[in-house]
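>>> Just to be clear, the model below is a prediction. Sequence and coordinates:
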Amino acid sequence: RAIAWAREHADDFDADASQVYLVGCSAGGHLAASAALTPNQPRFQPGFEDAKTDIAGVISIYGYLGARTDDPASSPVALAHHEAPPMLLIQGANDSMLPPGARGGWADSLRSASRSPVVYAELPNTQHAFDYLASVRARATADAAEAFLAWVRSGEQPAKTMEHRIDPRLP
């Protein structure tokens, strides 16, 4: 409903309805990716089935992108498709809240399904919720998110396999 509302009321705020982006951390990253991968699907839009709910891009910061229940629709990775929007996945290399080895695997799975780029950035020596307090990592993540959104809005298309460590000099 929030996506539909934002698109419907974009003119009220002198905004472009085609430039709706979702950003979320942890469970919010899961929800942002899930919403990005299920646009305009009546099953997920009860009461507003005809509303446009597609978005221009998504950023998931230390989000769990695997299944949460037995329903395949609970996994953003399982929902991936060729029309998915561009995605930026930012994960901590030492995130003990996520299954070992899943982070990069999620990016690979999303890339294999999507025609849009999926950018995976991993912060070294970083735990879950690293941005809870102001830090170098939090600032680097904000800068990376801003750069990603500017790139998506520019319309330039780099290679789908682009990977980047936000700043390997971070301790």
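Arrived safely, thanks for sending.
>>> Can you report how many residues neighbour the residue lying closest to Ser74 once chain neighbours are set aside?
Closest residue in space to Ser74, ignoring its immediate chain neighbours: Arg68 at 4.2 Å, by C-beta to C-beta, 6 or more residues apart in numbering. Just so you know, the C-beta spots here come from the backbone N, C-alpha and C atoms, and that holds for glycine as well. Neighbourhood size, Arg68 [other C-beta atoms under 10 Å]: 14.
>>> Give the helix, strand or coil label for Arg68.
Secondary structure, DSSP: H, G, I helix; E, B strand; the rest coil: Arg68 is coil.
>>> May I have the residues that are in contact with it?
Shown in contact with Arg68 (C-beta atoms under 8 Å, 6 or more residues apart in numbering): 30, 74-75.
>>> Buried among those? Need that as a selection in PyMOL.
Buried members of the contacts of Arg68, defined by 16 or more other C-beta atoms under 10 Å, are picked up in PyMOL with:
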select buried, resi 30+75
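>>> any chance of the contacts of Arg68 in JSON lines, plus distance to Thr53?
Output for the contacts of Arg68, formatted as JSON lines (distance: C-beta to C-beta, whole Å):
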{"residue": "His30", "distance to Thr53": "17"}
{"residue": "Ser74", "distance to Thr53": "18"}
{"residue": "Ser75", "distance to Thr53": "19"}
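>>> Which of the contacts of Arg68 sits closest to Asp131?
His30 (16.3 Å; C-beta to C-beta).
>>> For the closest one, give its distance to Asp95.
Distance of His30 to Asp95, computed by C-beta to C-beta, to the nearest Å: 14 Å.
>>> cool, Gly104 as well?
12 Å.
>>> quick one: which of these two has more around it?
When Gly104 and Asp95 are compared for neighbours, Asp95 comes out ahead with 21 against 13, by other C-beta under 10 Å.
>>> Backbone dihedrals for the residue nearest to that one when sequence neighbours are not counted, both of them.
Spatial nearest neighbour of Asp95, excluding adjacent residues (C-beta to C-beta, 6+ apart): His128 at 4.6 Å. Main-chain torsions, His128, degrees, to the nearest 10: phi -60, psi 150.
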